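S.K.: coords please:
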Amino acid sequence: MENEGKNSISSQAVLKKMICIAKTHRVLIEERVKSVGLHKSLHMMLMYLSRCESTPSQKDLAAEFHISPAAVAATLKKLEADGYIEKTLSEGDKRSKEISITEKGREMVRRSHDIFHSVDEEMLCGIEESELCEMYALLEKITDNLVNMTKNAEK
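M.R.: Numbering: from 1, shown residues only. As a prediction, the model looks like this:
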């Protein structure tokens with residue numbers, strides 16, 4: 001049994017639970033986003049574009065999403081056809097295009113943030129602030145350990 005008593009639990013059980021939580025959270029977000037009518041790849045691209053201060057190149061987008069420039073072009077074309085973004089010629093370089101998010105796109109970004117917030121609130125329901133602070137401190141320790149492991153692996 002993974003958890004025989006309140007004070008006895010294996011580190012492997014904790015890690016499995018963390019992975020399970022992350023996967024379940026991702027699935028819930030994807031299901032709720034899908035319910036508003038935007039495919040996962042389109043949604044991810046739109047959300048990324050909404051965080052960019054300047055228009056990234058298709059090459060940059062391909063690197064960010066680990067997809068081909070052709071896949072980026074198809075995704076942007078679909079977002080434009082669906083009215084979420086507009087592409088206009090760049091004033092500085094007539095060979096490139098600027099991408100801007102339309103009002104429909106901004107509304108989808110707002111709805112998405114509402115979905116994220118709702119899932120997060122429901123997920124943490126019933127957990128006291130002091131418990132969240134403890135959990136955060138523990139996650140910080142785990143993060144530090146991972147960072148140190150990465151630094152050591154690079155040596």
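S.K.: which helix in this protein runs the most residues?
M.R.: helix 129-154 (DSSP state H).
S.K.: so where is this structure shaky, pLDDT-wise?
M.R.: Scanning the chain with the threshold set as pLDDT under 70 gives 1-6.
S.K.: check contacts around the most centrally placed residue in the chain.
M.R.: Closest residue to the average C-alpha location of the chain: Met44 at 7.1 Å, with CA atoms, centre = their mean. Contacts for Met44 (CB atoms under 8 Å, 6 or more residues apart in numbering) come out as Phe65. Glycine gets a C-beta too; all of them are placed from N, C-alpha and C.
S.K.: next one: the one 3 residues further on
M.R.: Taking CB under 8 Å, 6+ apart as the criterion, Met47 is in contact with 109, 112.
S.K.: Could you verify that it is part of a strand?
M.R.: No. Met47 sits outside any strand when classified using DSSP: H, G, I helix; E, B strand; the rest coil, being helix.
S.K.: Roughly how far does it sit from Ala73?
M.R.: 19 Å (CB to CB, to the nearest Å).
S.K.: again, but for Thr55
M.R.: The value you get for Thr55 to Ala73, if CB to CB is used, is 14 Å.
S.K.: what do you get for Met149?
M.R.: 38 Å.
S.K.: So for these two, which sits in the more crowded spot?
M.R.: With neighbours defined as other CB atoms under 10 Å, Met149 and Ala73 compare such that Ala73 has more, 13 against 10.
S.K.: pretty sure the more buried one contacts Gln58?
M.R.: Yes. The pair Ala73 / Gln58 is scored as a contact, 6.2 Å apart, by CB atoms under 8 Å.
S.K.: so how far is the longest helix of the chain off the chain centroid?
M.R.: 20 Å (CA atoms, centre = their mean, to the nearest Å).
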